[in-house]
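Asks: Dropping the sequence and predicted coords here.
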Amino acid sequence: MKNDIMIFSPEMKMSDLVEIDYRLLNVLSRIGISTGFGEKTVGQVCRESGVDARAFLLICNMYSYSGYVPSDEILDTADPRTVLEYLHNSHSFYMEDGFRTLEKTINELVSPCADHQKKSILNFLYEYRMEVEKHFEYEETVFFPYVRAVMDGASEGDYSAAKFEENHSNIEEKLNDLKNIVMKYLPQICSPRLANKALYALFALSEDLEKHTCMENHVLVPMANRLEAKKEAR
């Protein structure tokens, strides 16, 4: 896509935006916008909710359209604090809702399995959750506070967005192993209905985490780079 394309606009109705991609309800809830917006436009709803419309639309475009690349102008004018709030709330959603739902479904699914099979699958899921939690903890305690400090004009030693980017991993990849276990290797005694439910949850979580990683790499990091450049130019 061209860098200057804005798929969604402040003038469109918020209800139309959700009709185009119902998954954007995830964005609304994580950014603090409630449903019940009637015929109001995106711009009106954002103003009433105290949300920066440019940042909201940037997040929606990144979430809905694979390959969307925000322009330099959008990255310069969208509010980084809104992006940070969205990413922080996404962390809470994954750990409190996403994994909880997945764990409950997987536990039900593997209940008829032999003990060694159950232990292997549940341990894999537990270890993956711990890995994701550690990944998020670093962002919450190191990178996000760094970006906030740079926004406020503070000096943060020799740390930089580039250092974060060098070590930033894709946390959704390991979910592919769990998908394969459920699709290919579970014994026939397991419920097909629960297997499908687990796969839907796995695919949805994997896709959401992939978008989350893209948001950090292609929105927050470039925003932080711009803030660093402005600070150095002073």
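Replies: It's in.
Asks: Next, find the distance separating the closest residue in space to S111 that isn't next to it in sequence from N180.
Replies: Nearest residue to S111, sequence neighbours excluded (Cβ to Cβ, 6 or more residues apart in numbering): K118, at 7.4 Å. (C-beta placed from N, C-alpha, C; glycine too.) Between K118 and N180 the computed distance is 17 Å (Cβ to Cβ, to the nearest Å).
Asks: So for the two, which sits in the more crowded spot?
Replies: K118 (16 against 10; other Cβ atoms under 10 Å).
Asks: quick one: that one and F124, what's the gap?
Replies: 11 Å.
Asks: what ranges do the helices span in the protein?
Replies: Using DSSP state H, the helices of the chain run over 14-20, 25-31, 42-49, 53-64, 72-77, 80-93, 99-110, 115-138, 144-151, 161-166, 175-180, 192-215, 221-233.
Asks: I33: what's it in contact with?
Replies: Going by Cβ atoms under 8 Å, 6 or more residues apart in numbering, I33 touches 14, 45-46, 49, 51, 56.
Asks: pLDDT wise, what is it at?
Replies: What the model reports for I33 is a pLDDT of 96.
Asks: And the one 5 residues further on, by the same measure?
Replies: At G38 the predicted local confidence, pLDDT, stands at 96.
Asks: burial count for it?
Replies: By other Cβ under 10 Å, 10 other residues sit near G38.
Asks: Dihedrals phi and psi, it?
Replies: For G38, the backbone dihedrals (degrees, to the nearest 10) come out as phi 60, psi -130.
Asks: Tell me if I'm right that H135 and E173 touch.
Replies: No - contact criterion Cβ atoms under 8 Å: H135 and E173 do not qualify, at 11.9 Å.
Asks: domains of this protein?
Replies: By the assignment in automatic domain parsing, the chain contains the domains 14-75, 79-233.
Asks: so who does G32 touch?
Replies: G32 sits next to 49-51, 85, 89 when contact means Cβ under 8 Å, 6+ apart.
Asks: try it again with 10 Å
Replies: Residues counted as contacts of G32 (Cβ atoms under 10 Å, 6 or more residues apart in numbering) are 49-51, 82, 85-86, 89.
Asks: Could you tell me which residues within the worst-scoring helix or strand of the chain on mean pLDDT count as buried?
Replies: Least confident helix or strand of the chain, by mean pLDDT, DSSP states H and E, is helix 221-233 with a mean of 87. For helix 221-233, burial by neighbour count (16 or more other Cβ atoms under 10 Å) applies to 221-228.
Asks: With stretch 95-109 instead?
Replies: For stretch 95-109, a neighbour-count test (16+ other Cβ under 10 Å) marks 98-99, 102, 105-106, 109 as buried.
Asks: Flag the shaky bits of the protein, pLDDT-wise.
Replies: Counting by pLDDT under 70, the ranges of the chain that qualify are 1-6, 155-156, 233-234.
Asks: what's the residue nearest to R148 when sequence neighbours are not counted in contact with, if anything?
Replies: Distances taken as Cβ to Cβ, 6+ apart place L84 nearest to R148, at 6.9 Å, with adjacent residues excluded. Contact analysis of L84 by Cβ under 10 Å, 6+ apart lists 55, 139, 143-145, 147-148, 151, 220, 223.
Asks: So how do I select the buried members of those residues in PyMOL?
Replies: This is the PyMOL syntax for the buried subset of the contacts of L84, where burial follows 16+ other Cβ under 10 Å:
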select buried, resi 55+139+143+144+147+151+220+223
